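Asker: With the sequence up front, the predicted model follows.
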Amino acid sequence: PVPSWRRLPPQLSRMARWTVELYGVRSVGNAYGMPAARLTGARESSAGDEFHIRWAVRRVIGLLDPSSGLEQVVIEDLEAVPSADIPEELLLGVDMAEYFGGVHLSTAEHVIVSQLKYSTRHPDTAWTAARLAPARDPDGKSVITRLADIYVAIKAGNDVATVRRRLTIQLVSNQPCDKQVAQTLATAKLWLDQHPGRCRSADLLGVMPDQQAHNDLKRLWDISRLGSLDFTEFLRVFTLDNLGQSGLATQEFAITAALGEHVLDQPEGASLQLQKLVRDYALPDARGQAITRATVLAKLGVFREEDLLPAPSQLRPPERLVQTVDSRILDALERAPDRRILVHGDAGVGKTTAIMALRGALPEGSVVVTYDCFGGGDYLNAGQARHTDRRFCLQLCNELAVQCRLPILVKPPDDDEVLWRALSRSAKRAAGLLSAQGGRLVLVVDAADNSAWAAQNASEDSFLGPLWRLIIPTGAGLIVTCRTHRRDDLGAPD
């Protein structure tokens, strides 16, 4: 018979555990470097593997969303660089760890550690206390024991308050949570929230509403192998909220829908790329590596983050900024029926300076996004053109993403009309978010006559034509500046 994962070398035990323990396969073949053996339940193994991968991909996509705060995802381990102070056998229940607001256990604002389970044959079988903590568990393989071990490992290097604040330990499964267990844990958590000090498990058992709840909680405590105080602390960070997840097809749909915010052409292909990325990082030779935003971008064909902002503003405010004309500009914008105005004047009269002073005249929580058509004089240099639809829309979409915490546009579509629709959606979402906070969104295109001239010089179209047709949403405004003698070159409507 094939040896159990507990007797395998560490680099093989992880992959073997996926099949042997997590997905219910009783023997594994030489795909994991072990002697060939007949596979049983191969379909179940494959389905469980796919669930693990797809769930991880959905988490990884969060790296592209600035509002998520997610900074790295570690597959099949707790930390990218395993700590020598944590016994490896305490981490056998870790399938994935998500780090928010930091990349280390000691500095992250929040860490979510997950164990995943999937059932093809019995998707409706609920997770009862007996399944979470079977009475006969001599080897400590039960779900609750594995998750309690994770708590013990993390608690060893951190104080109780830090663990409470930063840690979540969860079971993720397509199978639902038993209603009795859900009610018992909800009652326990409510009581613990009302008692922020260290609590004894016996005291918690004493407030259970009925004998069944008492018995279920006592079973979880006994099988967890935790002490009285540690068990109540474990319950504070333990959750079953992600039980009852949808099946594989719906998981794939969720991936494609989420990627559709970032990859406007063929998100299905991007899904396959990210699934391969997660598979690669689950292999033993990937240990010591974490999936970061840079990793995801590279897999999607973006190798430098600055390529996501291809035309950054080169405008620098003067040391002494004198606000003179911005109130007139805002008054004109307020009166404009289509929420857009053209500001023109001779060179050197202070158009750009006035634009840079706008932010101070807007309500608190407002955002000004400026597209700099001059670019410090580089707009005519090869590779630095700022007049194309693609560069303009990508820059503004991702400026809005950064400043308003919207999804980043990773791969712009080949069709310019689709790209303009993406910009329109981003502007509408940003304006809505800012308006809800009492703020306002102002889009500024500064020195637009330079883009008009550059396009004419290159015998190309500029973004200015479609820009005038762009619908400016409620709560937003568009300001375009140019020199007076070139204003007719912009093709602005009367």
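Answerer: It's in. Residues are numbered from 1 along each chain as shown.
Asker: wait, isn't A254 in contact with I61?
Answerer: No - between A254 and I61 there is no contact under Cβ atoms under 8 Å: 9.3 Å. Any C-beta I mention is one placed from the backbone N, CA and C, and that applies to glycine too.
Asker: When these two are compared, which one has more neighbours?
Answerer: I61 (23 against 17; other Cβ atoms under 10 Å).
Asker: Now the more buried one: closest residue in space, sequence neighbours ignored.
Answerer: Excluding the flanking residues, the one nearest I61 by Cβ to Cβ, 6 or more residues apart in numbering is A258, at 4.8 Å.
Asker: Now do the one you found: how many residues are near it, please.
Answerer: 20.
Asker: Confirm that it sits in a helix.
Answerer: Yes - counting by DSSP: H, G, I helix; E, B strand; the rest coil, A258 is found in a helix.
Asker: Any figure for the gap between it and E252?
Answerer: Distance, A258 to E252, using Cβ to Cβ, to the nearest Å: 11 Å.
Asker: go on, L467?
Answerer: 37 Å.
Asker: tell me which residues of stretch 476-492 are tucked away?
Answerer: A476, G477, L478, I479, V480, T481, C482, R483, R487, D489, L490, A492 (16 or more other Cβ atoms under 10 Å).
Asker: what's near enough to touch the first one?
Answerer: Shown in contact with A476 (Cβ atoms under 8 Å, 6 or more residues apart in numbering): R339, A427, K428, A430, A431, R440, L441, V442, L443.
Asker: Wait, the fourth one touches L400, no?
Answerer: Yes - under the criterion of Cβ under 8 Å, A430 is in contact with L400, at a separation of 4.8 Å.
Asker: what sits in contact with each of the two?
Answerer: L406.
Asker: would you list every one of the strands in the stretch 351-494 of the chain?
Answerer: 367-372, 441-446, 476-483 (DSSP state E, counting those that start in this stretch).
Asker: Then the stretch 51-200 of the chain?
Answerer: With DSSP E, counting those that start in this stretch as the criterion, the stretch 51-200 of the chain has strands spanning 70-75, 96-100, 110-117, 167-173.
Asker: got a list of contacts for the second one?
Answerer: Which is strand 96-100. By Cβ under 8 Å, 6+ apart, strand 96-100 touches 55-56, 59, 62, 68-79, 108-114, 116, 290.
Asker: Excluding chain neighbours, give the residue nearest to I291 in space.
Answerer: Per Cβ to Cβ, 6+ apart, closest to I291 is V73, 4.5 Å.
Asker: which among the buried residues of stretch 476-492 gets closest to G227?
Answerer: Nearest to G227 among these: A476, at 57.3 Å, using Cβ to Cβ.
Asker: What distance do you get for the closest one to A108?
Answerer: Taking Cβ to Cβ, one finds A476 at 35 Å from A108.
Asker: my read: S68 touches R59, true?
Answerer: No - using Cβ under 8 Å, S68 makes no contact with R59, being 9.4 Å away.
Asker: Counting neighbours, go ahead and name the busier of these two.
Answerer: Ranked by neighbour count (other Cβ under 10 Å), S68 and R59 place R59 first, with 20 against 15.
Asker: correct me, but that one touches V73?
Answerer: Yes - between R59 and V73 a contact is recorded at 5.7 Å, counting by Cβ under 8 Å.
Asker: what's around K155, how many residues?
Answerer: 18.
Asker: quick one: contacts for it?
Answerer: Contacts of K155 (Cβ under 8 Å, 6+ apart): V163, D230, E233.
Asker: what ranges of the protein fall below the confidence cut-off?
Answerer: Across the chain, the ranges flagged by pLDDT under 70 are 1-43, 140, 318-326.
Asker: so who does the residue nearest in space to the middle of it touch?
Answerer: Most central in the chain under Cα atoms, centre = their mean is G62, positioned 1.5 Å from the mean C-alpha point. Counting by Cβ under 8 Å, 6+ apart, G62 makes contact with S68, L70, E98.
Asker: roughly how far apart are the first one and G244?
Answerer: Distance, S68 to G244, by Cβ to Cβ: 23 Å.
Asker: quick one, phi psi at P138?
Answerer: phi -60, psi -30 (degrees, to the nearest 10).
Asker: And the helices in the stretch 101-250 of the chain, which stretches?
Answerer: 129-132, 143-155, 160-166, 179-194, 201-205, 211-224, 228-237, 248-259 (DSSP state H, counting those that start in this stretch).
Asker: Ok, the stretch 301-450 of the chain next?
Answerer: Secondary structure of the stretch 301-450 of the chain (DSSP H, counting those that start in this stretch): helices located at 326-335, 351-356, 389-404, 416-436, 448-457.
Asker: could I get the first one in CSV with only the CA atoms?
Answerer: Going back to what we said before, that points to helix 326-335. What follows is helix 326-335 as a C-alpha-only set of coordinates in CSV (Å, rounded to 0.1, in the frame of the first residue of the first chain):
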residue,chain,number,x,y,z
ASP,A,326,-10.5,78.6,-10.4
SER,A,327,-13.8,79.9,-9.0
ARG,A,328,-14.8,81.2,-12.4
ILE,A,329,-13.9,77.9,-14.0
LEU,A,330,-16.0,76.0,-11.5
ASP,A,331,-18.9,78.5,-11.9
ALA,A,332,-18.8,77.9,-15.6
LEU,A,333,-18.7,74.2,-15.2
GLU,A,334,-21.7,74.3,-12.8
ARG,A,335,-23.7,76.2,-15.5
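Asker: ok and it relative to strand 476-483, angle-wise?
Answerer: On the basis of axes from the mean of the first three to the mean of the last three Cα atoms, to 10 degrees, helix 326-335 is oriented at 120 degrees to strand 476-483.
Asker: now for helix 326-335, which elements pack on it?
Answerer: Counting contacts by 3 or more Cβ pairs under 8 Å, 6 or more residues apart in numbering; DSSP states H and E, helix 326-335 is packed against strand 340-345, helix 351-356, strand 476-483.
Asker: got CSV for the ones you listed, with distance to L226 too?
Answerer: Shown next, in CSV, are the helices and strands packed on helix 326-335 (distance: least, Cβ to Cβ, whole Å):
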stretch, distance to L226
strand 340-345, 63
helix 351-356, 59
strand 476-483, 54
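Asker: Straight-line length of stretch 456-464, end to end?
Answerer: Distance across stretch 456-464, first residue to last, is 12 Å (Cα to Cα, to the nearest Å).
Asker: Run through who's touching that stretch.
Answerer: So stretch 456-464 is contacted by 380, 385, 387-389, 392-393, 448, 451-452, 454-455, 489-492 (Cβ under 8 Å, 6+ apart).
Asker: okay if I get the strands of the stretch 351-494 of the chain as a markdown table plus distance to Y281?
Answerer: Listed next are these as a markdown table, based on distance: least, Cβ to Cβ, whole Å:
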| stretch | distance to Y281 |
| --- | --- |
| strand 367-372 | 35 |
| strand 441-446 | 38 |
| strand 476-483 | 40 |
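Asker: quick revisit: just so I know, which of the helices and strands packed on helix 326-335 lies nearest R198?
Answerer: Nearest to R198, of the helices and strands packed on helix 326-335 and by Cβ to Cβ, is strand 476-483 at 51.7 Å.
Asker: May I have the strands that pair with the closest one, each with its orientation?
Answerer: strand 340-345 (parallel), strand 441-446 (parallel) (DSSP bridges).
Asker: Return the distance of that strand from the chain's centre.
Answerer: 33 Å (Cα atoms, centre = their mean, to the nearest Å).
Asker: Take the buried residues of stretch 476-492 and write them to CSV, including distance to S435.
Answerer: Output for those, formatted as CSV (distance: Cβ to Cβ, whole Å):
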residue, distance to S435
A476, 9
G477, 12
L478, 16
I479, 18
V480, 22
T481, 24
C482, 28
R483, 33
R487, 31
D489, 34
L490, 28
A492, 26
